[in-house]
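Enquirer: Sequence isn't available, so here's the structure alone:
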């Protein structure tokens, strides 16, 4: 990749994320797409659909941490943390399905600025380094006024930053 100039634009710069979608990493054709462009989600959605995880407002966080070792190997750790309040059978079954996914998942996170990022997929590794559950906690709370629900962290490690897309996982074209 060639170096490119960066010019700071006067665009929205709100923090936080508003939507999370997932799909099984092994449900995606490993040659489905390369660079981040329009049409990415349509290609991923061709055989299977992304599932929206309806999280509590302001509880989805996408993190990327890059480290370069002594031998100049790049390692990028991707994490997505989200909360689902109100323990119930449907939420439990959805989270169990993520836990049981042998190849991990690919996730799309939409931030508060309308930008979408694809995590758990890279051009070099395709879906072979999907996000897997690194931690999952559920609580009923102790007191009547306590919150109950689940907090999950999905994590993967590869050598590139999350891809971006302008596609909408809710509206694949036919």
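Expert: Yep, it's here. What you see is a predicted model; the values in this text were computed from it and never measured.
Enquirer: Have a look at the protein and report its longest helix.
Expert: In the chain, assigned by DSSP state H, the helix with the most residues is helix 89-100.
Enquirer: could you show me where the strands are in the protein, in order?
Expert: 17-24, 51-52, 61-68, 74-85, 105-111, 116-119, 132-139, 149-158, 163-165 (DSSP state E).
Enquirer: Tell me which of those approaches residue 125 most closely.
Expert: When these are compared by Cβ to Cβ, strand 149-158 sits nearest residue 125, at 5.2 Å. Where C-beta positions appear, they are placed from N, C-alpha and C, glycine not excepted.
Enquirer: counting contacts, what elements does the closest one pack onto?
Expert: strand 74-85, helix 89-100, strand 132-139 (3 or more Cβ pairs under 8 Å, 6 or more residues apart in numbering; DSSP states H and E).
Enquirer: Reformat these into TSV and put distance to residue 124, mean neighbour count and mean pLDDT next to each item.
Expert: Shown next, in TSV, are the helices and strands packed on strand 149-158 (distance: least, Cβ to Cβ, whole Å; neighbours: other Cβ atoms under 10 Å; pLDDT from 0 to 100):
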stretch	distance to residue 124	mean neighbour count	mean pLDDT
strand 74-85	11	18	94
helix 89-100	24	13	86
strand 132-139	18	14	90
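Enquirer: closest to residue 22 out of those?
Expert: helix 89-100 (6.9 Å).
Enquirer: could you check the angle strand 17-24 makes with that closest one?
Expert: In terms of direction (axes from the mean of the first three to the mean of the last three Cα atoms, to 10 degrees), helix 89-100 departs from strand 17-24 by 60 degrees.
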